[in-house]
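Trainee: Structure for the following, please:
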Amino acid sequence: MRDRTDHAPSLSSAAAPIGKKHTNWLVRPHQDPMLPDVARQFPRQDSMKAALFNPIRYSGPSPAGWPVAPSAYDLEIGRRSMLGGLENLQLGDELGFDWVTVAEHHYAGFSLTPNPMVLAGALTQLVKRAKIALLGPTVPILNPVRVAEEYAMLDNLTGGRVVAGLLRGTPNEYVTYNINPAESRDRFEEALALIRRAWTEPEPFGWQGRFYQYRSVAVWPRVVQSPYPALYMSGSSPESGAMAARNHVGLGLAFTTVPLASQAARFYREEADKLGWRPSIDQVLYRMGFHVAETDEQAMADLVESGAAKPHVGLTMANKAVLAGAMSSGYFGKAAEEQKERVAPRDAAERIEQGQILLGSPETIWKQICRVRDQVGAGILDLFPIVPIADRTRRSIELFGGRLLPRLHEN
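Mentor: The predicted model follows:
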């Protein structure tokens, strides 16, 4: 049996692994013989896809800012919020959405899914057709081998319907588990390489990297999809776009604007072209809010009634001290001010203008979708409800599924 040990140059070779192979994570995936056949993993097609994202927001009153005191949490409201979110995702599956999507956030009512793997496990018993996308675990603050194992479990439970997002998360997440945000990109790229190896290596192997060390890795169960589930990462900054391109990973663009997303997607494609490959349409995902009503006037009235028409401060800007620390750490990359601007609070009219939300009648929203398709080149729209009124949200999902999904799939 072959015995090979490749040590990361920054560490001593004294720590011998128990596993039979030892991976040097610094080998770039485009040089790695285990790199998947991208054309096979992402077959080219012209039609767009729609994903229904639900962050599982707390439906009761919640103080502004971050973190939010647990004393503000009501058990019954929390339970209803979780069950309502699951019901909406199940409805999306029944209506024909291509994916249902969950994510990871901590310490606030914005999202009740600090572990999206747990929620996805529940969804495997409810969602019978759509892919279950986790966009996703915040990899730099987690144990990457555990992430690989949990994804493998979900891929088995769904029969190979998992989409694997591996994200850096918002800056506040680094306070959650006390991880230095300045290490975020390097931690992420090492974790990505380790997770890929854990999914594809047929024998136990050891790992001695800069951030992660394991004497033996041998993931059971194996992933169902070959060589592994489709991978996505966020890529709004030039640094992240370049990383996605060199690792042959799909690009996710969230909480941004159409002009900035168009620029980021173009940069990603240019970087991929330099490396000799071409992303498929499915490898560019654009996340935005949506609300559909029978008329434009009704859609806007719903938004105003719910309070969602006002500018909203997101998690990134909810704590000024955390934001200042992230800025000084280099978390946002070289274009820090531009990255901060894309998540700045905006009113409803500006969010529509900037392509951050879809709002209106089915016909109006179709025109807004065409703008995203034509300017960003996104093959997947990841859509989250923006009117937190239960019956209006359900009707909006039904209208999108009945009146817009068929057109989306035909174009």
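Trainee: quick one: low-confidence ranges for the stretch 251-400 of the chain?
Mentor: Flagging of the stretch 251-400 of the chain using pLDDT under 70 yields the residue ranges 336, 339-340.
Trainee: So which residues of it form helices?
Mentor: Secondary structure of the stretch 251-400 of the chain by DSSP state H, counting those that start in this stretch: the helices cover 258-274, 296-306, 320-329, 336-342, 348-353, 362-376, 390-399.
Trainee: which residue is nearest the middle of the protein?
Mentor: Taking C-alpha atoms, centre = their mean, the centroid of the chain lies closest to residue 135, which sits 2.4 Å from it.
Trainee: In the chain, which strand is the longest?
Mentor: Secondary structure of the chain per DSSP state E: the longest strand is strand 284-292.
Trainee: Listing partners with orientation, what would you give for it?
Mentor: Strand pairing for strand 284-292, determined by DSSP bridges: strand 250-253 (parallel), strand 357-360 (parallel), strand 380-385 (parallel).
Trainee: Return the most buried member of these.
Mentor: A comparison of the strands paired with strand 284-292 by mean neighbour count, using mean count of other C-beta atoms under 10 Å, puts strand 250-253 on top with a mean of 27. C-beta: built from backbone N, CA, C; applies to glycine.
Trainee: could I get it in PDB with only the CA atoms?
Mentor: Extracted in PDB, the C-alpha atoms of strand 250-253 (Å, rounded to 0.1, in the frame of the first residue of the first chain):
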ATOM      1  CA  GLY A 250     -19.300  28.300  -8.400                       C
ATOM      2  CA  LEU A 251     -19.700  32.000  -7.600                       C
ATOM      3  CA  GLY A 252     -22.400  33.300  -5.200                       C
ATOM      4  CA  LEU A 253     -23.300  37.000  -5.200                       C
END
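Trainee: what comes up buried for stretch 160-178?
Mentor: Within stretch 160-178, the residues scored as buried using 16 or more other C-beta atoms under 10 Å are 161-176.
Trainee: which one of those residues sits closest to residue 108?
Mentor: Checking the buried residues of stretch 160-178 against residue 108 with C-beta to C-beta, the nearest one is residue 172 at 8.6 Å.
Trainee: What separation do you get for the closest one and residue 60?
Mentor: Relative to residue 60, residue 172 is positioned 21 Å away (C-beta to C-beta, to the nearest Å).
Trainee: Equivalent analysis for residue 50, please.
Mentor: 29 Å.
Trainee: So between these two, which is more surrounded?
Mentor: residue 50 (23 against 14; other C-beta atoms under 10 Å).
Trainee: ok so that one is a strand residue?
Mentor: Yes: assessed by DSSP: H, G, I helix; E, B strand; the rest coil, residue 50 belongs to a strand.
Trainee: So which residues of this protein form strands?
Mentor: 4-5, 21-23, 49-53, 99-102, 131-134, 162-165, 205-208, 213-217, 231-234, 250-253, 284-292, 357-360, 380-385.
Trainee: Might you report the residue contacts of residue 370?
Mentor: The neighbourhood of residue 370, defined by C-beta atoms under 8 Å, 6 or more residues apart in numbering, consists of residue 411.
Trainee: redo that, cut-off 10 Å
Mentor: Contacts for residue 370 (C-beta atoms under 10 Å, 6 or more residues apart in numbering) come out as 48, 407, 411.
Trainee: Just give me the neighbour total for the second one.
Mentor: For residue 407, the count of nearby residues is 14 (other C-beta under 10 Å).
Trainee: and the gap between the closest residue in space to it that isn't next to it in sequence and residue 103?
Mentor: Spatially, and ignoring its direct neighbours in sequence, residue 407 is nearest to residue 366 (6.1 Å; C-beta to C-beta, 6 or more residues apart in numbering). In this view, residue 366 and residue 103 are 26 Å apart by C-beta to C-beta.
Trainee: These two - which one has more neighbours?
Mentor: Neighbour count, other C-beta under 10 Å: between residue 366 and residue 103, residue 103 has more, with 25 against 16.
Trainee: Look at the more buried one and report its pLDDT.
Mentor: Here the pLDDT value assigned to residue 103 is 96.
Trainee: Could you do residue 119 as well?
Mentor: 97.
Trainee: what's the answer for residue 51, then?
Mentor: With respect to pLDDT, residue 51 has a value of 98.
Trainee: Can you give me the end-to-end span of stretch 164-174?
Mentor: 21 Å (C-alpha to C-alpha, to the nearest Å).
Trainee: contacting residues for residue 267?
Mentor: Residue 267 is in contact with 235, 237-238, 240-242, 244-245, 251, counting by C-beta under 10 Å, 6+ apart.
Trainee: roughly how far apart are it and residue 239?
Mentor: From residue 267 across to residue 239, the span is 10 Å (C-beta to C-beta).
Trainee: Report the separation between residue 110 and residue 63.
Mentor: Taken as C-beta to C-beta, the span from residue 110 to residue 63 is 12 Å.
Trainee: Pick out whichever of those two has more residues nearby.
Mentor: residue 110 (20 against 12).
Trainee: May I ask you to confirm that that one is in contact with residue 58?
Mentor: Yes: applying C-beta atoms under 10 Å, one finds residue 110 in contact with residue 58, separated by 7.7 Å.
Trainee: Now the common contact residues for those two.
Mentor: With C-beta under 10 Å, 6+ apart as the test, residue 110 and residue 58 both reach residue 68.
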